[in-house]
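>>> Sequence first, predicted model second:
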Amino acid sequence: MSGIGSMMGVGRRSMMNAQTGLHTVSHNIANKETEGYSRQRTETYSNDAQGSGKRRIGMGARAAVVRRINNPYLERQLGNEKSELATSMGRQQGLMRLEQIYNEQTVEGFNSSLTKFFNAFRELSTNPESMPRRTMVKEAAQTLSNDFRNIYGQLREVDGDINSQIEISVNELNSLMNEVATLNTRVQEVELSGGWANDERDRRDLLLKKMGEIVDIKWAEGEDSTVTVSTAHDALLVVGGMAQRVEAVRTPAREGKSEGDVDVVFYHHDYADPLQLTERIKGGRLGGLLSVRAQELYGLKRDMDNLAFTIASEVNDMHSVGFNSYNQTGILFFDPMATQDGAAQNMRVNSEIMVDAGKISVARDPNRPGDNRVAIEIAELQYGKPLFDGSLTLDEFYNGIVGELGIKAQHVNHNVEVQGNIVRQLENLRESMSGVSIDEEAAKMIELQKQFDASARVIRTADEILDTVINIRRY
């Protein structure tokens, strides 16, 4: 009787094992498209055999644990590579916007205005007494100063867009930090009770990757199954079930940052001053955006101010010693600017010249019709006179700005392509290991269904045997 009962128990446990396996398979199929999900498998262990002496009877199997198929090393590597890709993509996004401003191939860009301005003086030098050509100089100068302001305005728009994206990224980071802290608590509760927090761990791994895409992070799992996350030289973002707070705040100007640009600050204690993380962040989307703002964008603003201030100063120096149509001297061509800061947006043609082009100085000496020496000197500023500490002409300086920007954009595009290929390879590797295959799950389902049917047959057979034993006295 006890042997028959044991047979029924083995069959019953086998049916339960098959049922647990079918539930796991259905869970896998339902999560086929869930981002970051790792397929799960029910692991069964053989029960201890019973009996005495040489005869030991097996007692079937038990479903011990449902475990996810996951490679922690691969997950960490994939997170690191995604963070590198996000850094390059953040830089690519910013540099693409800057390239559009300095597009000299498909549209008439700033270089065209610069050339037209100096060409207008060259044309004027061929006929110094021509009022139409003086008017051309005035209009070309007005166009040049307008283009300086337009470019500076577009640079400020890019600056504002980058600041907006930084604020959005910081808000997203705070949301992810809070969810990771919540998952830390849930994982700890499940696994301290003896279970495996498969789905919670999958979600937490996914969130860690997403955090790494925003900012360069380091994380480690403790013995209590919680992860500690830090960034920017050990600023602790998540510790156990507690998340800290990061904010984007508007701060004054400094080297590499314009007035009103946001800084990323970290509140590590309510009673302590916030820690400024902006210059510490090197990776993720935030690192890419911050590097473009601090290096390329800030540098372009400074270069355009330098170019505008140099043009205005040099032209004014030459123009002020010349004589105009009225034999007057000492007139500035552009409004004077005290400092280089903001020169690009403050550049203006002298209002006297805007009213009367006859006040444009062309001659070196008074009462010398045909004297064109001042016009020639100004025209030669574009190519002939080394400026900027005697190293570059105006044309070389501007072309250097555009060329360097193009090289950096090309370099970051290459990095995005290469890093994207690495991430895709790792994602394919992860998918082959942890991803859900519908064909494989369907085959497993059929296998478990057969196991369930066979286990039911064992119970049915044991029941028939028991019935025979009970009714044996009738025969």
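Arrived safely.
>>> Which parts of the stretch 1-150 of the chain are helices?
2-30, 72-101, 110-126, 131-192 (DSSP state H, counting those that start in this stretch).
>>> And the ones you listed: which comes nearest Arg430?
Evaluated over these, closeness to Arg430 peaks at helix 72-101, with 5.8 Å, by C-beta to C-beta. For every residue, glycine as well, the C-beta is placed using N, CA and C.
>>> any weak-confidence spans in this structure?
1-2, 52-53, 104-107, 473-475 (pLDDT under 70).
>>> quick one: the residue positioned nearest the centre of it from Ser88, how far?
The chain has Arg285 as the residue nearest its centroid, 2.1 Å off, counting by C-alpha atoms, centre = their mean. From Arg285 across to Ser88, the span is 10 Å (C-beta to C-beta, to the nearest Å).
>>> same question, Thr185
Thr185 is 35 Å from Ser88, where distance means C-beta to C-beta.
>>> More neighbours: which of these two?
Neighbours were counted for Thr185 and for Ser88 using other C-beta atoms under 10 Å; Ser88 has more, 23 against 14.
>>> how about stretch 258-265: buried residues?
Residues Ser258, Asp261, Val262, Asp263, Val264, Val265 are the ones in stretch 258-265 that count as buried (16 or more other C-beta atoms under 10 Å).
>>> now stretch 96-105
So for stretch 96-105, counting by 16+ other C-beta under 10 Å, buried means Arg97, Leu98, Ile101, Tyr102.
>>> Out of the residues you listed, which is nearest to Asn327?
Closest approach to Asn327 among those (C-beta to C-beta): Tyr102, at 41.8 Å.
>>> wait, doesn't the closest one sit right on Phe110?
Yes: using C-beta atoms under 8 Å, Tyr102 makes contact with Phe110 at a distance of 7.1 Å.
>>> who wins for proximity to Ser351 among the helices of the stretch 1-150 of the chain?
Among those, the nearest to Ser351 by C-beta to C-beta is helix 131-192 (11.4 Å).
>>> how far does that closest one sit from the chain's center?
Centroid separation for helix 131-192 versus its chain: 12 Å, with C-alpha atoms, centre = their mean, to the nearest Å.
>>> Export the buried residues of stretch 258-265 to CSV and append columns for secondary structure and distance to Asp305.
Shown next, in CSV, are the buried residues of stretch 258-265 (DSSP: H, G, I helix; E, B strand; the rest coil; distance: C-beta to C-beta, whole Å):
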residue, secondary structure, distance to Asp305
Ser258, coil, 11
Asp261, coil, 16
Val262, strand, 22
Asp263, strand, 23
Val264, strand, 26
Val265, strand, 28
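>>> Which pair of the residues you listed spans the longest distance?
Farthest apart among those by C-beta to C-beta are Ser258 and Val265. That separation is 17.5 Å.
>>> ok, back up a step: as a markdown table, the helices of the stretch 1-150 of the chain with distance to Arg39 would be great.
Converted to a markdown table, these look like this (distance: least, C-beta to C-beta, whole Å):
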| stretch | distance to Arg39 |
| --- | --- |
| helix 2-30 | 5 |
| helix 72-101 | 14 |
| helix 110-126 | 56 |
| helix 131-192 | 19 |
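>>> Burial check on Val229, number of neighbours?
The number of residues packed near Val229 is 24, by other C-beta under 10 Å.
>>> any idea how far it lies from Glu75?
In terms of C-beta to C-beta, Val229 sits 15 Å off from Glu75.
>>> Next: Ala357.
From Ala357 across to Glu75, the span is 70 Å (C-beta to C-beta).
>>> just Asn324 next, same as before
Taking C-beta to C-beta, one finds Asn324 at 75 Å from Glu75.
>>> now Asp439
From Asp439 over to Glu75 the distance is 24 Å, taken as C-beta to C-beta.
>>> same check, this time on Gln93
Distance, Gln93 to Glu75, using C-beta to C-beta: 26 Å.
>>> Give me the more crowded residue out of these two.
Glu75 (21 against 18).
>>> and that one, what does it touch?
Asp205, Lys209, Arg430 (C-beta atoms under 8 Å, 6 or more residues apart in numbering).
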